[in-house]
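*Asks:* got a sequence here, can you model it:
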Amino acid sequence: KEEARKIDVASLPQIEPGDFEKDDDANHHIDWITSSANLRADTRRLKRSDRHHCRMVAGRIIAAIATTTASITGFIFLEVYKKLLGLDDVNKYNWTTINLATNQIISEMPADPKQNYTHKTSSQKEENNKIVTTEKTIIAVPENFTCYDFIDIKGDLTFDELAK
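*Replies:* So this is what the prediction gives:
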């Protein structure tokens, strides 16, 4: 935080806007769009897109992409500014969802992350005209951990040593 405050912004190079060109592979615009679309798909369990599909869609909605990118970048930097200002209270940060088609902007606190816990699961399948039930235990280490938790491992461990 202190390092960020010491930066003399006037000494930084001037930022120039770039033109979006979907047909020039050297600028990696479609690569960036594909990567961003698939990151969103992975986090929301949506179908992933290939590069060709993203290029096709980008050709039809360049203006929408530019508008959405500018909007999202603005919302992201609002959150970055909060971090640079030293706001450590997680309740001060927001998720923002925009829908340009319906002119909706929704800003909300992030949902609590899913807690993982030790539990048993069972499944049934048919084998040789018999129903076979299989049970397995899913062990959470540590109990109730979330995607925001970390496990700090000190030293070199084998996988077996870590599992114990």
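
*Asks:* all strands of the protein, in order?
*Replies:* Secondary structure of the chain (DSSP state E): strands located at 95-99, 104-108, 119-127, 130-138.

*Asks:* comparing those strands, which comes out most buried?
*Replies:* Comparing the strands of the chain by mean neighbour count (mean count of other CB atoms under 10 Å), strand 95-99 comes out on top with a mean of 13. Placement of C-beta: from N, CA and C, glycine included.

*Asks:* out of the strands of the chain, nearest to residue 158?
*Replies:* For residue 158, the closest of the strands of the chain is strand 130-138, at 21.9 Å, according to CB to CB.

*Asks:* pLDDT (mean, whole number) over that closest one?
*Replies:* Regarding strand 130-138, the rounded mean pLDDT is 90.

*Asks:* also stretch 77-96?
*Replies:* Averaging pLDDT along stretch 77-96 gives 86.

*Asks:* for residue 58, grab the count of nearby residues.
*Replies:* Neighbour count for residue 58, taken as other CB atoms under 10 Å: 19.

*Asks:* excluding sequence neighbours, find me the nearest residue to it.
*Replies:* Distances taken as CB to CB, 6 or more residues apart in numbering place residue 22 nearest to residue 58, at 4.8 Å, with adjacent residues excluded.
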